[in-house]
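Trainee: below are the sequence and a predicted model; questions follow.
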Amino acid sequence: MWGATFYQHYNSAKDTTKYGYDNKEKFIECFFTVKLKDFNIMQFEQWKREINKLNISLRYKNDIYKFLKSILNFGVKWHNLNFQAVYNKMTKFQDPNERRKEMAYYTYDEFKKFISYEDDLRWKCVFEILYYWDSAKENQKALPGKTFTLIKKYYLLINK
């Protein structure tokens, strides 16, 4: 199945996609000898343990996992294979010790310094609305996501 997936998509793929296929292929080579009817959750879990031993980032491990799932999806879609018993038990890679990335947050003084560099009144207003909108999320009076609509890059329609 890997060959069918690879052949069908490789020739029409962008160069960056081909590069990704080439780099991820080596991580799923252990499945090349497995017959499709014999693929089971035990093999998947063993593969996951082997990938976890490698010194690669959690994000890249999950990219490889998505790559494997896309191959299984191809088999389901184009060859009517049934991986439901395995597919429902497959889980992505997780690391409870990994620190979550913190999002940048501007204090009011930092925001005022940032906004002071903007000369265009239109964008100054947009940034101020978005800053105060995000600050209001802490309150129960936060504006819903569809409150603002940007029209033709120049007008900000407020639906409230």
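Mentor: Sure thing, it's come through.

Trainee: quick check: longest helix of this structure.
Mentor: helix 58-79 (DSSP state H).

Trainee: how about it: buried residues?
Mentor: 61, 63-65, 67-68, 71-72, 74-75 (16 or more other CB atoms under 10 Å). Yep, even glycine has a C-beta here, placed from its N, CA and C like the rest.

Trainee: now tabulate those residues in CSV and tack on pLDDT and distance to D22.
Mentor: Putting these into CSV (pLDDT from 0 to 100; distance: CB to CB, whole Å) gives the following:
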residue, pLDDT, distance to D22
K61, 93, 17
D63, 93, 13
I64, 93, 13
Y65, 94, 17
F67, 89, 11
L68, 90, 15
I71, 84, 15
L72, 85, 20
F74, 81, 17
G75, 80, 21
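
Trainee: closest one of those to W123?
Mentor: W123 lies nearest to D63 out of these, by CB to CB, at 35.6 Å.

Trainee: grab the nearest non-local neighbour of that closest one.
Mentor: Counting by CB to CB, 6 or more residues apart in numbering, D63 lies nearest to K24, which is 7.0 Å off, once chain neighbours are set aside.

Trainee: after the helix or strand harbouring the one you found, next one along is what?
Mentor: Using DSSP states H and E, K24 falls within helix 15-25. Sequence-wise, the next helix or strand downstream of helix 15-25 (DSSP H and E) is helix 41-53.

Trainee: what angle separates that following helix from helix 58-79?
Mentor: Interaxial angle of helix 41-53 relative to helix 58-79 (axes from the mean of the first three to the mean of the last three CA atoms, to 10 degrees): 150 degrees.

Trainee: can I get the buried residues of helix 58-79 in TSV with distance to E128?
Mentor: Shown next, in TSV, are these (distance: CB to CB, whole Å):
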residue	distance to E128
K61	41
D63	38
I64	43
Y65	42
F67	43
L68	46
I71	48
L72	48
F74	48
G75	52
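
Trainee: and which of these is nearest to Y108?
Mentor: Y108 lies nearest to D63 out of those, by CB to CB, at 38.5 Å.

Trainee: my guess is that closest one meets Y21, correct?
Mentor: No: checked against CB atoms under 8 Å, the pair D63 and Y21 is beyond contact range at 11.4 Å.

Trainee: I'd like the distance between the nearest residue to L81 once chain neighbours are set aside and L121.
Mentor: Counting by CB to CB, 6+ apart, the nearest residue to L81 once its immediate chain neighbours are dropped is G75, at 4.0 Å. Here the criterion is CB to CB, to the nearest Å. By it, G75 lies 57 Å from L121.
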